[in-house]
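**Student:** Predicted structure and sequence below. I'll ask about it afterward.
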Amino acid sequence: ASERQRVSYSLVRPADVYLADNDVYDRMFQPVIAPQEQVLESFYAALGSRSLSCAVKVTTKETPPYHVTTSSRDVEKLIRKRLQLFFFKRPRSNFTADVDKWISLINNEDQHFVYEVPSIERTLELDSVRKVKCCTAFAVARSRLRALLITSDVSLFEVA
């Protein structure tokens, strides 16, 4: 015995349809997504649909003060130890020019680049929908600061 499934459709403007290029944003916001077939995605893009990764506005704020702690030193050591593995067999052309600044910072053993902060909060917005998430790691590249910020309950998955 087969059950009948009810399917409902909505008519929306192409500007309200998104191209699913980010699974995390797709699950988080559950927007109307264009069919995931190359020809149809190109059609929707030509009509004005945007990719999720471009449409979601992300802002991250950390709570000062910044401290060098046992956890931050441990993460620093781990990054320094594994840095060469990250670049192994990856062509230089795969990286932006900004990577050189990070490498010189990480390779400078006399300077800390990982700091612990009380909290890190990431705000994601899509149209009028706003989601706030707590994070345990955040890479900062501002004019006066280039660092990896972590919280006391740091997840190495987020550091990666």
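**Tutor:** Received, thanks.

**Student:** first to last residue in stretch 143-152, what's the distance?
**Tutor:** 26 Å (Cα to Cα, to the nearest Å).

**Student:** What segments of the protein are helices?
**Tutor:** With helices called from DSSP state H, the chain shows them at 23-29, 38-46, 52-55, 70-87, 98-107, 156-159.

**Student:** what's residue 141 in contact with, if anything?
**Tutor:** Counting by Cβ atoms under 8 Å, 6 or more residues apart in numbering, residue 141 makes contact with 98, 101. C-beta: built from backbone N, CA, C; applies to glycine.

**Student:** thinking again about what came up before, the helices of the chain: which one's closest to residue 116?
**Tutor:** Nearest to residue 116 among the helices of the chain is helix 70-87; the distance by Cβ to Cβ comes to 4.8 Å.

**Student:** what's that closest one packed up against?
**Tutor:** Judged by 3 or more Cβ pairs under 8 Å, 6 or more residues apart in numbering; DSSP states H and E, helix 70-87 is in contact with helix 98-107, strand 114-116, strand 146-150, helix 156-159.

**Student:** Please name whichever of these is nearest to residue 20.
**Tutor:** That would be helix 156-159 among the helices and strands packed on helix 70-87, by Cβ to Cβ, at 22.6 Å.

**Student:** Flag every buried residue along that closest one.
**Tutor:** residue 159 (16 or more other Cβ atoms under 10 Å).

**Student:** now stretch 60-79
**Tutor:** Residues of stretch 60-79 classed as buried: 62, 66, 71, 72, 75, 76, 79 (neighbour count, 16+ other Cβ under 10 Å).
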